[in-house]
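Participant: next come a sequence and a model predicted from it.
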Amino acid sequence: MGAVTARVVRVSGSLVEVEQLPAVAIFDIVALGARRLPGEVVAIDDGLVTVQAYEDTAGLAPGAPAESSGAPLSARLGPGLLGGVFDGLLRPLSDAGTWLSPGASGDSADEHCWEFTPTTRVGVHAQSGDELGVVTTGGPLTVPILVPPTLDGIVDSVAAPGRYRAEAVIASVSGTAVPLSERWPVRRPRPSRTRIDDVEVLHTGQRVLDMLFPIARGSTAAVPGGFGTGKTMLLQQIAKWCDADVIVYVGCGERGNEMADVVQDLASLTDPRTGHPLAARTVVIANTSNMALMARESSIYSGVTVAEYFRDLGHHVVVIADSTSRWAEALREFASRSGELPAEEGYPADLASALAAFYERSGQVVTLGGRRGSVTIVGAVSPSGGDMSEPVTAQTLRFVRAVWSLDRDLAYARHYPAVAWSGSFSTDTAAIAARRARDGDPGWTRRRARISSLLADADRLDALAELVGRHSMPAAERVVMLGGRLLREGVLQQSALSDNDGFCSAAKGAALADAVLAVIDRCTSLVDAGVEADALEAVDFGPLVQAREEAGPDDLDRVERIRDDMLARLEELS
């Protein structure tokens, strides 16, 4: 069907009304004006089409031409994504310059040629998800070219080995051409064969998360916290060090300088698993606060669509959205401009449905081609004034399986990550405990329970000590408060700037926790034997606290030596 032209009749900010645009559907993309500004159809009323523009509409006036693409917003999926930086519509920023001019297609990546090697032959019966060939990108991951979803039949032709552009046809299946890159509507979840119930642990490298509030691959987590509590830093640490195959980092309304720091860090750090820069397994979608507001709404969908694509290739993918609150603000502004009836605090009535539709695209699945892949979603939430009852935070908590709540008091005390052990949770804990036991760490559940109990008791006693004074407390309770401090400073606290402590393996985390718990147990036994609490509090526990900094990510022997030295020093008090 050929393109149909029409005329703009009204422009109100990012909302544009177009008339005489037949055969158009909701969510279709429309090119507006001579600059062909992209916009999305959001309403159709008796021949009058309302379009949400994704760019600044300055200079667009009634009478300007409009043209329907006849298709919804779609992402180009294929080689060239890994290591790239894109805007909210998945247009490449790195190839198009620092800024995209209004209406720019950003398709300069199409000029790049990719090395294709066929892995099938003519006459073979190919089903959806079957491999037709592979593309070598020069990074740690090759990109298989698969039969698109819903396509099934005999391979009519396949291209010879060579270099091809993204839009080049490399095979034909039952008369349907298969290009090197495919386009997929970003609002439509990509299909899979079945979901997997078996739990695989996602190791983040952050002790407070992995030991107290872990999540499984294919799960969801929210990171709520007020301004200055370290959300972005925590998400950056997860992006750098979690054991995912691919990271999709969505900077949704973030400050430009923070996104620049993310890109620079990923390019400068080396992935210990592959030896390549971390950026080589990362896709960055940057819709910063100074970019077009309405494209922010689509950036979330673009990010999760890219994640589903790599999931279909058999990879474990983590989507980091920073932050979903600014995405929701874009929804609120659009709802206000379009005249929708506002709900709580002006957010649209379908806010909960939009959040659910986003988070439910996570999961661990068997793909159409029989591979095993997952999409894990971690979204930051920025409640205004730290109010956790505001709509975005409250609705998000309904749909995620883990909450890593950031505490302002911890952040102001320079305790990072400032994850509050009293306000966080993970519903994956029981399943992960069973998996840890099968993987050779049967003490994980006991260790986690002891840490959680000690921290809760220490918080309660610290609050009481502020009223009656520490020295008036019984000796046994003073040991509990001492144990809480050692756990906070020696185990849960972690420096993102340390070479040794920025990332922590599961084995080192267990060794640190066991060392601190052993010291606490020895202190308890000494008090029971009559040793004064003042004598215990006078002991220099600095070496134990600094073990996390001094020992490398896998240096368990050093942790054990520090533990033994500390226990020997305590023996001198008996």
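Facilitator: Cool, the structure landed. Numbers count the residues shown, from 1 in each chain.
Participant: rest of the way, CA atoms for contacts and neighbours
Facilitator: Fine.
Participant: show me what residue 215 is bridged to.
Facilitator: Beta bridges link residue 215 to residue 202, judged by DSSP bridges.
Participant: check which residues of the longest helix belonging to the chain are buried.
Facilitator: As assigned by DSSP state H, the longest helix anywhere in the chain is helix 444-468. Across helix 444-468, burial judged by 16 or more other C-alpha atoms under 10 Å covers 444-445, 447-448, 451-452, 454-459, 461-462, 465.
Participant: sec struct for residue 373, please.
Facilitator: Three-state assignment for residue 373 (DSSP: H, G, I helix; E, B strand; the rest coil): strand.
Participant: spit out the contact partners of it.
Facilitator: Contacts for residue 373 (C-alpha atoms under 8 Å, 6 or more residues apart in numbering) come out as 311-317, 364-367.
Participant: neighbour-wise, which of these leads?
Facilitator: residue 317 (30 neighbours; other C-alpha atoms under 10 Å).
Participant: so it makes contact with residue 248?
Facilitator: Yes - assessed by C-alpha atoms under 8 Å, residue 317 is found in contact with residue 248 at 7.3 Å.
Participant: what's the overlap in contacts for the two?
Facilitator: residue 307.
Participant: name the residues that touch stretch 392-409?
Facilitator: Among residues not part of stretch 392-409, those counted as contacts by C-alpha under 8 Å, 6+ apart are 209, 213-215, 219-226, 228-231, 325, 328, 351-352, 355-356, 359-360, 381-383, 388, 417-420, 423-428.
Participant: go through those and flag which are in strands.
Facilitator: In strands, judged by DSSP state E, the following of the contacts of stretch 392-409 are found: 215, 220-224, 381, 425-426.
Participant: among those residues, which one sits closest to residue 573?
Facilitator: Here the nearest of the ones in strands among the contacts of stretch 392-409 to residue 573, counting by C-alpha to C-alpha, is residue 425; it sits at 38.9 Å.
Participant: care to break the chain down by domain?
Facilitator: Domain segmentation of the chain under automatic domain parsing yields 5-72, 194-435, 444-571.
Participant: using CSV, write down the CA coordinates of stretch 201-210.
Facilitator: In CSV, the C-alpha atoms belonging to stretch 201-210 read as follows (Å, rounded to 0.1, in the frame of the first residue of the first chain):
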residue,chain,number,x,y,z
VAL,A,201,20.7,-16.7,40.3
LEU,A,202,21.6,-13.3,38.9
HIS,A,203,24.9,-12.3,40.7
THR,A,204,25.1,-8.5,40.8
GLY,A,205,28.5,-8.2,42.5
GLN,A,206,27.0,-6.0,45.3
ARG,A,207,27.1,-7.9,48.6
VAL,A,208,24.0,-6.3,50.2
LEU,A,209,21.9,-7.4,47.2
ASP,A,210,23.4,-10.9,46.7
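Participant: how far away is residue 189 from residue 357?
Facilitator: 9 Å (C-alpha to C-alpha, to the nearest Å).
Participant: list the buried residues of stretch 230-240.
Facilitator: 230-232, 234-240.
Participant: which helix or strand in the chain has the lowest average pLDDT?
Facilitator: Least confident helix or strand of the chain, by mean pLDDT, DSSP states H and E, is helix 93-96 with a mean of 59.
Participant: give me the next element, helix or strand, following it.
Facilitator: strand 113-118 (DSSP states H and E).
Participant: so where is the chain shaky, pLDDT-wise?
Facilitator: 1-5, 94-111 (pLDDT under 70).
Participant: repeat that for 50
Facilitator: 1-2, 95-97, 108-109 (pLDDT under 50).
Participant: next one: phi and psi at residue 558?
Facilitator: phi -70, psi -40 (degrees, to the nearest 10).
Participant: how close does the closest residue to it other than its chain neighbours sit to residue 417?
Facilitator: Sequence neighbours aside, residue 551 is the residue nearest to residue 558 in space, at 5.9 Å (criterion: C-alpha to C-alpha, 6 or more residues apart in numbering). Distance of residue 551 to residue 417, given as C-alpha to C-alpha: 19 Å.
Participant: who's more crowded, these two?
Facilitator: residue 417 (25 against 19).
Participant: hmm, that one is touching residue 235, no?
Facilitator: No - applying C-alpha under 8 Å, one finds residue 417 not in contact with residue 235, separated by 10.2 Å.
Participant: which residues in the stretch 301-450 of the chain form helices?
Facilitator: 324-337, 351-359, 391-396, 408-412, 429-438, 444-468 (DSSP state H, counting those that start in this stretch).
Participant: swap that for the stretch 151-300 of the chain, sorry
Facilitator: 207-212, 231-241, 256-268, 293-312.
Participant: which of those helices is buried the deepest?
Facilitator: helix 293-312 (a mean of 26; mean count of other C-alpha atoms under 10 Å).
Participant: what's the angle between it and helix 351-359?
Facilitator: 40 degrees (axes from the mean of the first three to the mean of the last three C-alpha atoms, to 10 degrees).
Participant: off-centre distance for helix 293-312?
Facilitator: Centroid displacement of helix 293-312 relative to its chain, using C-alpha atoms, centre = their mean, to the nearest Å, is 11 Å.
Participant: contacts only, for residue 515.
Facilitator: Going by C-alpha under 8 Å, 6+ apart, the list of residues near residue 515 reads 559-560, 563.
Participant: among those, which are in strands?
Facilitator: Going by DSSP E, the strands hold none of these.
Participant: which one of these is nearest residue 376?
Facilitator: Ranked by distance to residue 376 (C-alpha to C-alpha), the contacts of residue 515 are led by residue 559 at 32.1 Å.
Participant: now for that closest one, how many residues are close by?
Facilitator: So residue 559, with other C-alpha under 10 Å, has 25 neighbours.
Participant: again, but for residue 275
Facilitator: Neighbours around residue 275, by other C-alpha under 10 Å: 11.
Participant: for the one 3 residues further on, same thing?
Facilitator: The tally of other residues near residue 278 (other C-alpha under 10 Å) stands at 25.
Participant: try residue 9
Facilitator: Neighbours around residue 9, by other C-alpha under 10 Å: 16.
Participant: Three-state assignment for the closest residue to it other than its chain neighbours, please.
Facilitator: For residue 9, ignoring the flanking residues on the chain, the nearest one in space by C-alpha to C-alpha, 6+ apart is residue 62 at 4.6 Å. Put simply, residue 62 is coil when judged by three-state DSSP.
Participant: residue 62 contacts residue 6, correct?
Facilitator: No - using C-alpha under 8 Å as the test, residue 62 is too far from residue 6 to be in contact (11.1 Å).
Participant: residue 492 touches residue 208, doesn't it?
Facilitator: Yes - between residue 492 and residue 208 there is a contact at 5.1 Å, judged by C-alpha under 8 Å.
Participant: next, show the common contact partners of the two.
Facilitator: Joint contacts of residue 492 and residue 208 (C-alpha under 8 Å, 6+ apart) are residue 417.
Participant: count the residues that sit near residue 535.
Facilitator: Neighbour number of residue 535 under other C-alpha under 10 Å is 11.
Participant: likewise for residue 197?
Facilitator: Residues contacting residue 197 under the criterion other C-alpha under 10 Å number 10.
Participant: show me what contacts the nearest residue to it once chain neighbours are set aside?
Facilitator: Once flanking residues are discounted, residue 197 sits nearest to residue 364: 7.7 Å by C-alpha to C-alpha, 6+ apart. Taking C-alpha under 8 Å, 6+ apart, we find residue 364 in contact with 195-197, 217-219, 372-375.
Participant: which two of these have the greatest separation?
Facilitator: 219 and 372 (14.8 Å).
Participant: neighbour-wise, which of those two wins?
Facilitator: Set residue 219 next to residue 372 and count neighbours by other C-alpha under 10 Å: residue 219 wins out with 27 against 19.
Participant: distance of the residue nearest to residue 274 when sequence neighbours are not counted relative to residue 119?
Facilitator: Take residue 274 and drop its neighbours on the chain: the residue closest to it by C-alpha to C-alpha, 6+ apart is residue 140, 6.4 Å away. Using C-alpha to C-alpha, residue 140 is found at 19 Å from residue 119.
Participant: between these two, which has more neighbouring residues?
Facilitator: residue 140 (18 against 13).
Participant: the more buried one contacts residue 273, doesn't it?
Facilitator: No - counting by C-alpha under 8 Å, residue 273 is not a contact partner of residue 140; they are 9.6 Å apart.
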